[in-house]
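Fold the following.
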Amino acid sequence: MATPQPRTTRPADARAWSPPLPDAPGFDHLMVETPGLRTHVATIGTGDPVVLLHGFPEHWWQWHDVAPVLAAAGHRVLCPDLRGAGWTAADDPRIERETRLHDLLALLDALGVERADLVSHDMGVITAMQLCYDHPERVRTAVQLSVPPGFFTFSPRLLPAFQHLPPFIWHRPGASLHGTFSARYAARPMSAATVDAHLAPLRRPEVDAAVRPLTRRMILPEALRIMRGAYRRRRLTVPTLVVYGRLDHPTTEDLMGRICRRPERYADRIEFAWVEGAAHFITDDAPEAVAALALDWFDRAAWGAPRCTLRTGRGRPGGRRLPPAPPSPRRRSRAGA
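Below you'll find the model as predicted:
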C-alpha cells in the first residue's frame, strides 16, 4: 500500500491544545483528517506499527508509560483518541455500535497502515474485537486487556464488573467521573494529577456529551450481542492474548476458565495471562508488565504453532513467572494547568 499524505496539524507546543495535553515526553501529536472526523493521534517510535486503543473515560495518555517501551523495541506506536474521547473532533456527534470501527479503518488507511499489532483496553476492546472479526487482514496480533474474549458465556458472577456503567448511562453534562478511578478498580491509589490527566478532555463539551451515547449506543448493544452468542457463531483467526490484573475482580482465573471453556472451538490461537499486583486499570498499575507481555506475544504469535490455552497460571505465557508490578513514582501532569 502506498503511504498517502494525510492532512495533519502539528502544534509545536502541547499547551497550544485545549485543554493542554498531559505530559508525555517523546510523543509527537497530529490531527488526521478523514471524512467528518479529525482524529488526534499521539505517536512515538519507528518500525512495525502497533495501534493502542484506550478505554473510557481515558484517552491516548493511558498508554504514556507503555508506548515508549514498545517504541524502544522497534515499533511505530500509534495512540489515537477514539471518537467521543480525548482531543478528537467529529462533525456529527452520533455514535452507533460500529462507528468507531469505521473511524479506525479510515484512520489506518489515511496513515498508510495496512496491517498492525493491536493492543486495547476496556471500551477500546469493543472496537478491537470488531476489527479482528470483520477485518482480520488488518491485524497481525491482538492483545486485549481487562475484557473477556467475545465468545465467552455469560455468568451472573460477572455482574459486579458492570457496576461502573450506571454513572455513564445516566451521565449529565458536568457531572464528575472521578469515582471511576476509585480503589475498586486500581490496585494502587492514583494521584490527583493522574486522575485529572485522564479526565481532562471532559472539559470539552463534545466529549462530556459523548459519555451517554457511547454507553447506550455502543457498549450496551455490543454487550447484548455477546450475551446472545454472536461471536460464538464466528471464528477468531487473529492470534489473541487476553490479559487481566490479578486483582481485577470478578474476572478471576477460575471464572475465566468456566466462561471461556474450550476456546479452541472459537479461536485459532488464544492465550490468557494474569498480572500480579494489578487491577482493572492495568496500564496504570503495571505498565511495564503490559509492555513486556505485548512484546512477548508479538514475537511468539508470529512464529508459534496455533494453540489455545488457559494454562498461564500465575505466570506470563510460556511458563515464565511475571513478577508483581514494581512501585512507580507519582506521576505529574500539566492537564489541569
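
residue boundaries of the helices in the chain?
Remark: helices assigned in the chain by DSSP state H are 67-72, 99-110, 124-134, 166-169, 192-199, 205-213, 220-227, 253-259, 282-285, 287-303.

now, of the ones you listed, which is deepest in the fold?
Most buried of those, by mean neighbour count (mean count of other CB atoms under 10 Å): helix 282-285, with a mean of 27. In this view, the C-beta of every residue, glycine as well, is placed from N, C-alpha and C.

Which strands or helices does it pack on?
strand 240-245, helix 287-303 (3 or more CB pairs under 8 Å, 6 or more residues apart in numbering; DSSP states H and E).

and the ones you listed as JSON lines, adding mean pLDDT and distance to residue 140?
What follows is the helices and strands packed on helix 282-285, written out as JSON lines (pLDDT from 0 to 100; distance: least, CB to CB, whole Å):
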{"stretch": "strand 240-245", "mean pLDDT": "97", "distance to residue 140": "11"}
{"stretch": "helix 287-303", "mean pLDDT": "94", "distance to residue 140": "7"}
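
how about the ones you listed in JSON lines, adding distance to residue 261?
Formatted as JSON lines, these follow (distance: least, CB to CB, whole Å):
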{"stretch": "strand 240-245", "distance to residue 261": "14"}
{"stretch": "helix 287-303", "distance to residue 261": "22"}
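
among these, which is nearest residue 191?
helix 287-303 (14.8 Å; CB to CB).

circling back: so for residue 84, which of the helices and strands packed on helix 282-285 sits nearest?
helix 287-303 (23.7 Å).

and the closest one, how far from the chain's centre?
15 Å (CA atoms, centre = their mean, to the nearest Å).

and the angle from it to strand 240-245?
On the basis of axes from the mean of the first three to the mean of the last three CA atoms, to 10 degrees, helix 287-303 is oriented at 160 degrees to strand 240-245.

Strands of the protein, start to end?
For the chain, the strands defined by DSSP state E cover 8-9, 28-34, 37-44, 48-53, 75-80, 89-90, 116-121, 139-145, 240-245, 270-275, 308-309.

Tell me which strands the third one pairs with, and in which orientation.
The strands that strand 37-44 pairs with in its sheet are strand 28-34 (antiparallel), strand 75-80 (antiparallel), strand 89-90 (antiparallel) (by DSSP bridges).

any chance of those in TSV, plus distance to residue 277 and mean pLDDT?
Listed next are the strands paired with strand 37-44 as TSV, based on distance: least, CB to CB, whole Å; pLDDT from 0 to 100:
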stretch	distance to residue 277	mean pLDDT
strand 28-34	31	95
strand 75-80	24	99
strand 89-90	37	96
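
Of those, which is nearest residue 139?
With CB to CB as the yardstick, what comes closest out of these is strand 75-80 (13.3 Å).

what's the angle between that closest one and helix 124-134?
Using the same axes, to 10 degrees: strand 75-80 against helix 124-134 is 110 degrees.

which stretches of the stretch 101-250 of the chain have low pLDDT?
Applying pLDDT under 70 to the stretch 101-250 of the chain flags no residue at all.

roughly how far apart are residue 271 and residue 119?
15 Å (CB to CB, to the nearest Å).

Name the residue in these two with the higher neighbour count.
Neighbour tally, residue 271 and residue 119, criterion other CB atoms under 10 Å: the higher count belongs to residue 119, 33 against 25.

Could you give the bridge partners of that one?
Going by DSSP bridges, residue 119 forms beta bridges with residue 52, residue 143.

As CSV, could you dump the C-alpha coordinates of stretch 255-274?
What follows is stretch 255-274, C-alpha atoms only, in CSV (Å, rounded to 0.1, in the frame of the first residue of the first chain):
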residue,chain,number,x,y,z
LEU,A,255,-14.2,-17.8,36.4
MET,A,256,-12.4,-17.2,33.1
GLY,A,257,-11.8,-21.0,32.9
ARG,A,258,-15.6,-21.5,33.2
ILE,A,259,-16.9,-18.9,30.8
CYS,A,260,-14.2,-19.4,28.2
ARG,A,261,-14.3,-23.2,28.2
ARG,A,262,-12.9,-25.0,25.1
PRO,A,263,-11.5,-21.9,23.4
GLU,A,264,-10.3,-24.0,20.5
ARG,A,265,-13.9,-24.2,19.3
TYR,A,266,-13.9,-20.4,18.7
ALA,A,267,-10.3,-19.3,18.1
ASP,A,268,-7.3,-20.4,16.2
ARG,A,269,-4.8,-19.1,18.8
ILE,A,270,-5.7,-17.5,22.1
GLU,A,271,-3.9,-17.4,25.4
PHE,A,272,-4.8,-15.9,28.8
ALA,A,273,-2.4,-14.2,31.3
TRP,A,274,-2.8,-12.6,34.7
